[in-house]
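>>> Here's a sequence, model it:
(3 chains)
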Amino acid sequence: MSTAIVVQVALGGLLMGLVYALVAAGLSLIFGLMDVVNFAHGELLMLAMYATFVIHENSGLDPLLQLPLVAALLFGIGVAIYRGLIARALGVRFNTGMVQIFVTFGLSIFLVGAAQLAFGADFRSISNGLLANRTVAMGAIVLPLSQVAAGLVCLIAFAALALISRTEFGRALEATREDRDAVALIGIDRDRVFSIGWGIGAATVGIAGVMLASFYYISPTVGGNFALIAYVTVALGGFGSLLGALVAGILVGLVEAMTALFIDPSLKQIGIFAIYVLVLMIRPRGLFGRL
Amino acid sequence: MPDPVLQIRNVSKSFGSIAANVDVTFDVGRGEILGLIGPNGAGKSSLFNSIAGADTPDRGEILLDGRRISGLGAVACTRLGIGRTFQVVRSFDSMTVLENVMVGAFARTSRTRQAMARALEVLAFCGLGGRADMPAHALTPPEKRRLEVARALATEPHVLLLDEMLTGLTPTEAQAGMQLVRDVRARGVTIVMVEHVMEVLLPLIDRAVVLHLGRKLTEGSPAEVVRNPEVIRAYLGDRYAT
Amino acid sequence: MTVRPNAITMRRRRELIGGAVLLVLLALLPLPIANAYLRGLIVLTLLYAGLSQGWNILGGYCGQISLGHALYFGIGAYASAILFTRYGIPPPLGMFASAALGALAALLVGWPCFRLSGHYYAIATLVMGMMVLLLAQNWGFVNAAMGITIPFRKQSWVDLEFRIAVLPFHYLMLAYAAIAWAIAWVVEGSRWGFSWRAVKDDVAAAESLAVRVFPSKMAAAAISGAITAVGGALYAQYVGFIDPDSGLGLSLSVLIALPAVVGGVGTLWGPIVGAAVLIPVQQLSVAWLGGSGNGVDLMFYGALIMALALARPQGLVSLFGARSRAGGEVADRA
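Have a look, this model is predicted:
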C-alpha cells in the first residue's frame, strides 16, 4: 500500500471527522446546557439534507449558498422542538430523565415517517452543485472538493461556536449550565436561553447537513448512522465540551477511515466502537469531560 | 476517655486546594451524645463523611471499637455499626415510609418478614407508626428527619451520626427531635451530632468538639466550650469575644 | 417474628390474586377468537409483555435505562437457534443456554457501563448493542447478514415447532410472560428489589444503609438479560428465522423498553398494560396505515410515544389507581 493512499484516506477521514465533530457539537451543546440527550439529532440532520435537496431542486440555489437559509430554518425547528416538546418533558413531575429520552425517540420515529411520506424511501442526491464532481489534487493525493469544503465549513462553524461562547449570550449559557436555578436570580430567562441553545444546536446540525448533502446520499433513515457516531463522539469527547467534540470527531473520522483501509470497509465502525469502549474504561466521562 | 467507641486519629482531608480537615483527633465515649459544632465551613460535614465511610481521609485513621474503619467505604462502615442521616434529607421518594426503613433493616437480614417486623418496630419507636404506609415524599419536613433516623436505626448501629437534624425546625419540633435523640441513646446507641446552631445542642449533649477552619479548636463539656474565648471568637465573631 | 397484615402484605396478596385471575383469562382468551391474525397479535403482545418485564427489572426497578436490550434478545435467539439447527439440541433445553448467555452478556456490558450514570449509561448500552449488531452482520459463524432459518420438521412440543397452529405459541408466550411477571413479583418483595429501588432513588442514601450498589446493579442486569434472552429464543422459534436486523437492532431495543415506559416503569403491571396498548396499536397501524411504506404508520407511532410519555409520565397503570411504584411517584434524579 503506497503512502499516498494512506495519506489520502487519512485526509478523507479527517474531513469526515470534522463533519462528525460538528454534528456532535450540536448534541453536546444541548446536553451540556440542560442534561437532555436529543435522540432525534440524526433526524435533524436528515431534515437539513432534505431541505437542501428541495431548495436545490426547486430554485437551483447551490447548497453552498443555502447555508444561512438552512441554518436559520433548523434554528427555527430547534426552538420549536424545545418549546413544543422538551420544555414540557422537563416540566413533568415524574421520571424526567426517562420521559426526555423517549419523547425524543418518539420524535425521531415521527420525523423518519414524515420524511418517508414526503419523499418516499428512495435515496436522493445532489449531483450538479458548484462543488460536485470536482477534486482538489496535491501531488498524488486527490480529494473531492465537496468533502474539502465540508471540512472547512465545519471548521468555520466551530470557530463561530467558540466565538458565541465568548459573547454575553455565551456567558448566560455557561451560567445556566453551571446552575439552572440560580440564573433566574440574576435576571437570565432560563427558558429563553434553553430555546436559543436548542436553536443553535439544531442550526449547527443544519450546517453539517447542507455540506453533507452535496456529497452524501439522502434518505429518511440517513440520520440514524450519523446520530450513532455523534453519540459516540460526544461520549468520547465528554458531554458538554466543545473542544472534546472537535478532537473526538476528528479521532472518530480517522479511526473509521483507517479501519476501513487496513481491516475491512464493512467493519469501519468497529474501530470507532473499540476506541469508545477503551476510553470508557479509562475515562468514563470522556477525554474532555468534567469529572 | 475510659471506653472510647469511636476514635478519630489525626484525620486530614483536602478537596483540591481546600483543606477540609487538618489533623483532627478526638474520641467519642460509649453511650455519650457528642456535639460536633463549628460555623459553616468548619469541616464538620467532611469529617462526618469520613466517619461514615462516604469519603476516605487523606491521612490519619478512624477506629470503631478499636477496629480501623476509615477507607472501607460506606457499606462496610454501616455493616460494622455506623449509622447516619443526611443534612439534606435523602428519603427514597418512590417508596412508602415502611419500605424506606425496610431498606435499612435489610442491612441485618435477608428475610423480608424479619426486615418488615424490624422496620415496624423502629418506626413505632420514632413516632412514625401511623405513617408507615404513606409515600415518603408526602411526609412533613420534621417527619422526614425522623424517617432518616428510623432508617439509620434499622441498620442497628453502635454509633449514629446525625447531620443537622434539628436545623430548620420550630422550637416545638426541635424539642420533640431532642427527645427522640435521648430515646435513641437510651437504647445504647452512641450519638454524634453535627449542628451549626450551637444553642440548640447545648442542653442535649454531654460533650462538644468544636471545629474551626478544618481544625479542632477545643473539646469539653458544653459549659466549658461556650466559655472558651477562642470558640466565641471563631463561632460568633469578634464582637462577642469581650 | 410475625408481622400483622399491613398495606404491603395485603397489596402483595392482591397482586398475586390479580395475576392468577389474569392468567386464567388470558389462557381462555384465544379460544373464542378464530381470526389467525388476531391470535398472532396476542402472541406478540404476550411476548413483549415478558420482554418488557425483563427490561423493567433493570430499567424500572433499578433505574438503569438500557437502550441495548436487543443485544440480550439477539444472543438468546441465536443461541437457541444455533443449538437447535446445528447440534440438534431442542429449544426447551437450548433456552437455558440462552438465559445463561443473556445473563453473562448483561454482566459483561454492566461491568464497564455501571460506572456511568444517567445518559452516559444509556448511550453506552446503545453503543454496545450496535457493536454486537455490527459484529453479527460480519460473523460467519452466525451466517452474518443472511441470518439463520430454522427449518420446520414436524409439529412438536420438543422442537417447539407449530407451523400451522398459533395456539401452542399462545400458551408458550403466556407461560413466558407469566414467569417474567412472577420473577418480578418475587424480587419486588425481596431484599434485591428493595436494594434496586433504593439505588434508583438515591445512591448515597442506599450506600449509607449498606446497599452494595454495583453488585445490586449487576444482579438486576443478569436477571434482566436472562429474561430477555429467553424471549429472544421463543421469538426465533415462533418466526422460524433470526437475522441481525430483526434480532439486534436499535429499534428492537426501544421496542423492548417502551411497554414498560408507557405502562409505568418500575411497576409490576406496567409492562403488561404497556404491551397490551402499544403492540396492537403498533401492529395495526402498520397494517392499516403503513402498508405501502408511506411512513404514516411511523408518524402515528412516534406521535403516540411522545403523547403518552408527556401525558402520562408515571405510566398508564396510574389510570387504574394502582399505586405506581419505583418509577411512579417522583422525578428521578438521573
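>>> Hmm, B:Phe15 and B:Gly43 touching each other?
No: between B:Gly43 and B:Phe15 no contact is recorded; they are 10.3 Å apart, counting by Cβ atoms under 8 Å. Every C-beta, even on glycine, is put in place using the N, C-alpha and C of the backbone.
>>> between the two, who's got more neighbours?
B:Gly43 (25 against 10; other Cβ atoms under 10 Å in any protein chain shown).
>>> which residues does that one contact?
B:Gly43 makes contacts with B:13, B:20-22, B:24, B:211, B:213-215, as judged by Cβ atoms under 8 Å, 6 or more residues apart in numbering or on different chains.
>>> Enumerate every residue touching the residue nearest to it when sequence neighbours are not counted.
Spatial nearest neighbour of B:Gly43, excluding adjacent residues (Cβ to Cβ, 6 or more residues apart in numbering or on different chains): B:Gly214 at 4.1 Å. Residues touching B:Gly214, when contacts are defined by Cβ under 8 Å, 6+ apart, comprise B:19-22, B:24, B:42-43, B:46.
>>> Mind checking which of those residues are in strands?
Secondary structure from DSSP state E places B:19-22, B:24 of the contacts of B:Gly214 in strands.
>>> which among those residues gets closest to chain A?
Closest to chain A out of those is B:Ala20 (18.5 Å), distances taken as Cβ to the nearest Cβ.
>>> Run a quick neighbour tally on that closest one.
The burial metric for B:Ala20, expressed as a neighbour count using other Cβ under 10 Å, is 26.
>>> can you check A:Arg192 too?
Here the neighbour count serves as a burial measure; for A:Arg192 (other Cβ under 10 Å) it reads 13.
>>> So what does it look like in phi/psi?
Geometry field for A:Arg192 lists phi and psi as phi -70, psi -40, criterion degrees, to the nearest 10.
>>> now swap in A:Ile55 and tell me
Its backbone dihedrals place A:Ile55 at phi -60, psi -40, with angles given as degrees, to the nearest 10.
>>> residues touching it, list them.
The contact partners of A:Ile55, by Cβ under 8 Å, 6+ apart, come to A:61, A:66, A:69-70.
>>> quick one on the thing from earlier: select from the contacts of B:Gly214 the one having the most neighbours.
Within the contacts of B:Gly214, most neighbours by other Cβ under 10 Å means B:Asn21, with 28 neighbours.
>>> That one bridge partners, please.
With DSSP bridges applied, the residues forming beta bridges to B:Asn21 are B:Lys13.
>>> where's the closest residue to chain A within chain B, which helix or strand?
Across chain B, the shortest distance to chain A (Cβ to the nearest Cβ) belongs to B:Ser94, at 9.4 Å. For B:Ser94, there is no enclosing helix or strand under DSSP states H and E.
>>> I figured it hits C:Ala198, correct?
No: counting by Cβ under 8 Å, no contact exists between B:Ser94 and C:Ala198, whose distance comes to 9.5 Å.
>>> can I get the contacts of B:Gly214 in CSV with pLDDT?
Formatted as CSV, the entries for those read as follows, by pLDDT from 0 to 100:
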residue, pLDDT
B:Ala19, 86
B:Ala20, 88
B:Asn21, 89
B:Val22, 91
B:Val24, 92
B:Ala42, 83
B:Gly43, 86
B:Ser46, 89
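>>> contacting residues around A:Phe102?
Neighbour list for A:Phe102: C:254, C:257-258, C:261, C:305, C:309 [criterion: Cβ under 8 Å, 6+ apart].
>>> Apply 10 Å and report the result again.
In this structure, A:Phe102 makes contact with A:39, A:89, A:95, C:65, C:254, C:257-258, C:261-262, C:265, C:305-306, C:308-310, C:313, judged by Cβ atoms under 10 Å, 6 or more residues apart in numbering or on different chains.
>>> so which of these also contact chain B?
Subset of the contacts of A:Phe102 in contact with chain B: A:95, C:265, counting by Cβ under 10 Å from any Cβ of the partner chain.
>>> Please pick the buried ones from the contacts of A:Phe102.
For these, a burial check counting by 16 or more other Cβ atoms under 10 Å in any protein chain shown picks out A:39, A:89, A:95, C:65, C:254, C:257-258, C:261-262, C:265, C:305-306, C:308-310, C:313.
>>> Identify the residue with the minimum pLDDT among the residues you listed.
Within the buried ones among the contacts of A:Phe102, pLDDT reaches its minimum at A:Asn95, with 78.
>>> now that one: how far from chain C?
Remark: distance between A:Asn95 and chain C (Cβ to the nearest Cβ, to the nearest Å) = 5 Å.
>>> Is B:Phe86 located within a strand, as I assumed?
No: B:Phe86: not assigned to a strand; according to DSSP: H, G, I helix; E, B strand; the rest coil it is coil.
>>> Compute the number of surrounding residues for the closest residue to it other than its chain neighbours.
Leaving aside its sequence neighbours, B:Phe86 sits nearest to B:Asp163 (Cβ to Cβ, 6+ apart; 5.8 Å). Number of residues near B:Asp163 (other Cβ under 10 Å) recorded here: 22.
>>> what does the one 5 residues further on give?
For B:Gly168, the tally of surrounding residues (other Cβ under 10 Å) stands at 12.
>>> That one - that's part of a strand, no?
No: under three-state DSSP, B:Gly168 sits outside any strand and is assigned coil.
>>> Kindly list the main-chain dihedrals of it?
Comment: the main-chain dihedrals of B:Gly168 come out as phi 80, psi 0, following degrees, to the nearest 10.
>>> Relative to B:Asn21, how far out is it?
B:Gly168 is 25 Å from B:Asn21, where distance means Cβ to Cβ, to the nearest Å.
>>> Same check on A:Leu33?
Applying Cβ to Cβ, one obtains 36 Å for the distance of A:Leu33 from B:Asn21.
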